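Chemist: I would like the atomic coordinates for the input below:
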Amino acid sequence: MINIHQLKAGDTVITSYGGVERPGKILEVDHFSKKILVATDNDNELWYDLDNLYAVKLTPETLLQLQFHVDEATSGNGKGTLYVRGPFSVRWYPDGHEPLMVLHYRDEFRELKHNITLNELQNHYHGMTNFHLE
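Modeler: This is a model prediction of the structure:
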């Protein structure tokens, strides 16, 4: 289950309704009633309980879908894989390495010791760049 405090408008999640799962973007978070308004790919806007929302696992393929590209010159040889999108980069190390990921934007960097989800990456990206990652 997703923590409501990790969800922000613009984040990508998986919705589940009637056994059907669909990706969607969060439009609004109602902390009082603990409901989330999500627009799915077929332009349906529905309110969901937290029990019906799931995080998208962050994978290298997800980064590539988000317009990141691999910087071959600075990847490998124990340095992990560097994914770059403009001035923002994600260095992803193999499991067991500490830190597991390093997020870097201009003079700011964040070391992460565990796997994160897509919405968590979107929140880090927004916090570091003031732009939303789509």
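
Chemist: quick check, central residue of the protein?
Modeler: Nearest residue to the geometric centre of the chain (CA atoms, centre = their mean): residue 118, 1.9 Å.

Chemist: mind checking how far it is from residue 62?
Modeler: Look at residue 118 and residue 62: by CB to CB, to the nearest Å, they are 6 Å apart. All C-beta spots, glycine's among them, are computed from the backbone N, C-alpha and C.

Chemist: now list whatever residues contact both of these two.
Modeler: Residues touching both residue 118 and residue 62 by CB atoms under 8 Å, 6 or more residues apart in numbering: residue 56.

Chemist: and the contacts of stretch 101-116?
Modeler: Against stretch 101-116 from outside (CB under 8 Å, 6+ apart): 57-58, 80, 87-93, 98-100, 121, 124-125, 128-129.

Chemist: what's the neighbour count on residue 75?
Modeler: Neighbour count of residue 75, defined by other CB atoms under 10 Å: 15.

Chemist: relative to residue 29, how far out is it?
Modeler: On the measure of CB to CB, residue 75 and residue 29 end up 36 Å apart.

Chemist: cool, residue 95 as well?
Modeler: Where residue 29 is concerned, residue 95 sits at a distance of 32 Å (CB to CB).

Chemist: next one: residue 114
Modeler: Per CB to CB, residue 114 is found 23 Å from residue 29.

Chemist: likewise for residue 39?
Modeler: For residue 39, the distance to residue 29 - CB to CB - is 13 Å.

Chemist: remind me, longest helix of the protein?
Modeler: helix 118-129 (DSSP state H).

Chemist: helices or strands up against it?
Modeler: If contacts are counted by 3 or more CB pairs under 8 Å, 6 or more residues apart in numbering; DSSP states H and E, helix 118-129 sits against strand 12-17, strand 88-92, strand 101-105, strand 108-112.
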